[in-house]
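Peer 1: Below are the sequence and a predicted model; questions follow.
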Amino acid sequence: MTTSAEGDQDPRADLGDLEAMLDAVTDHAVIKLGPGGEIVRWSRSAQAMTGYAADEVVGRQVSLLHLEGDREAGLMERELESARDGRREFQGWRIRKDGERFLARVTLTPVRDTEGALSGFVKVFRDATESARAESLFHGLLDSAPDAMVIVGQDARIVLVNRQAETLFGFVRAELVGREIEVLVPPRFRDRHVGHRSAFLADPQLRPMGAGLELSGMRRDGTEFPVEISLSPLETAEGRLVAAAIRDVTERRETEQRLQRQRDEILELSTPVIQVWDKVLALPIIGTLDSLRATRLTEGLLEKIAQSQAEVAILDISGVPTIDTQVAQHLLKTVQAAALMGTVSIMSGVRPETAQSMVHLGIDMGRLRSRNTLQDALQLALAVLAERAGTAATAAQALRSGGAR
């Protein structure tokens, strides 16, 4: 090793070691510039990246790597001027010796002598063409996604959004990037949402968020709307991110609600409760009874009994194709519920084959009265009313007689 007379290491040896280290760097080109932008030192990595050998560029302006338009616009001078007071970073197109363009990410750092005067710059640049192409492709795919996409970091802050997210929530990207994801959640759900996203970050995997729950989003103007959210983890060089695909399901929810209302109306129309006489109701049952329809039937009958103070309810089953154990149980529960409200139930429309089927199945309808036709059931209903009226009159007379004594 070469040493000076004082026993210190020779500065030329230090410089040689430094240049060897710089030449070992293959993914970044490192060059030394003079204060006016002239190339002073040129590393092997710079030669490999640009195609220029050191003896072709040393002493020339570094602007030889700039596009013609940038040279005419004084791009080099502006970059050097901005870096005089400290390190600066740039990104822009550069050109190789063979004329091929490449996207460079540049770091420019000022160098000063022992007296603090500017002696030049160290310029480090990296070919970012492929990464930029990949990033552009990623952004293109993100923007072409049919759903709103929001990319969130480990700190729950928004990293990236696509055009659909801007449209859906009414924000521009600059208003969302860097803010916590809860900005898109209605205030009353935010505490709960923090728990949901913390649980996902603890165990990230592709899955819908809040399965079985009705989720809501909030637009910039404060309006809320129903959403479905699918979450996916993304492993990147910057760490794990979470991609949220958000879909506005307002139209679907409205359609579902409309269909449900239509089903309810159809059920009500298929089991109408008709007041055929004072204190007498008739419930014509047509078609097959299932659990949902039977529940509606019972609810509708009980509501009508309460409104009309009916004392007799006729259940006409002439339109029911078959009577099985389940149907019989539904009818029996309806009769029992009506009885608790003081209403006598009469079954009509029992056909011979229906009666035989019920006997064969061992179905016991208890004390439920039945008649063959609706006309016969109505006559029985009137008789029941008369009987109740007579009983009530006798009871009233007894009470008056007792009071007279």
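Peer 2: Looks like it came in fine. Quantities reported herein were computed from a predicted structural model and do not represent experimental measurements.
Peer 1: tell me the helices in the protein, going along the chain?
Peer 2: Ranges of helices in the chain, per DSSP state H, are 11-24, 44-50, 54-57, 68-72, 75-83, 129-144, 163-169, 173-176, 190-202, 250-270, 291-308, 325-340, 352-361, 374-404.
Peer 1: which stretch in those is the model least sure about?
Peer 2: For those, the stretch scoring lowest in mean pLDDT is helix 11-24; its value is a mean of 50.
Peer 1: neighbouring contacts of stretch 353-360?
Peer 2: 317, 320, 322, 323, 324, 328, 365 (CB atoms under 8 Å, 6 or more residues apart in numbering). For every residue, glycine as well, the C-beta is placed using N, CA and C.
Peer 1: Among those, which ones are in strands?
Peer 2: Of the contacts of stretch 353-360, the ones assigned to strands by DSSP state E are residue 317.
Peer 1: Could you dump the contacts of stretch 353-360 into TSV and include distance to residue 111 and neighbour count?
Peer 2: Listed next are the contacts of stretch 353-360 as TSV, based on distance: CB to CB, whole Å; neighbours: other CB atoms under 10 Å:
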residue	distance to residue 111	neighbour count
317	100	21
320	97	20
322	97	10
323	99	20
324	95	13
328	98	18
365	103	15
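Peer 1: ok so, going back, save the helices of the chain as a markdown table, and put in distance to residue 116 too.
Peer 2: A markdown table is the format used below for those (distance: least, CB to CB, whole Å):
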| stretch | distance to residue 116 |
| --- | --- |
| helix 11-24 | 20 |
| helix 44-50 | 28 |
| helix 54-57 | 29 |
| helix 68-72 | 31 |
| helix 75-83 | 16 |
| helix 129-144 | 37 |
| helix 163-169 | 49 |
| helix 173-176 | 39 |
| helix 190-202 | 49 |
| helix 250-270 | 65 |
| helix 291-308 | 87 |
| helix 325-340 | 96 |
| helix 352-361 | 106 |
| helix 374-404 | 111 |
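Peer 1: Out of those helices, which is closest to residue 112?
Peer 2: Smallest distance to residue 112 across the helices of the chain (CB to CB): 12.1 Å, for helix 75-83.
Peer 1: related to what we said a few turns ago, between the contacts of stretch 353-360, which is closest to residue 382?
Peer 2: The shortest approach to residue 382 among the contacts of stretch 353-360 belongs to residue 317, at 20.4 Å (CB to CB).
Peer 1: Of the contacts of stretch 353-360, just say which sits nearest to residue 94.
Peer 2: Of the contacts of stretch 353-360, the one sitting nearest to residue 94 (CB to CB) turns out to be residue 324, at 83.5 Å.
Peer 1: From residue 288, how far out is the closest one?
Peer 2: Separation of residue 324 from residue 288 (CB to CB, to the nearest Å) stands at 10 Å.
Peer 1: Could you work out the most separated pair of the contacts of stretch 353-360?
Peer 2: Between any two of the contacts of stretch 353-360 (CB to CB), the greatest distance is 15.7 Å, for 322 and 365.
Peer 1: So this protein: which segments form each domain?
Peer 2: 28-132, 145-252, 270-390 (the TED database).
Peer 1: For residue 261, which of the ones you listed is the nearest?
Peer 2: So among the domains of the chain, domain 270-390 is nearest, using CB to CB, at 13.1 Å.
Peer 1: The nearest residue to residue 119 once chain neighbours are set aside: neighbour count?
Peer 2: If the residues on either side of it in the chain are set aside, residue 119 comes closest to residue 113, at 4.7 Å by CB to CB, 6 or more residues apart in numbering. Applying other CB atoms under 10 Å, we find 9 residues neighbouring residue 113.
Peer 1: try residue 216
Peer 2: Neighbour tally, residue 216, other CB under 10 Å: 15.
Peer 1: Bridge partners for it, pull those for me.
Peer 2: residue 226 (DSSP bridges).
Peer 1: That one reaches residue 228, doesn't it?
Peer 2: No: if you go by CB atoms under 8 Å, residue 216 and residue 228 don't touch, sitting 10.8 Å apart.
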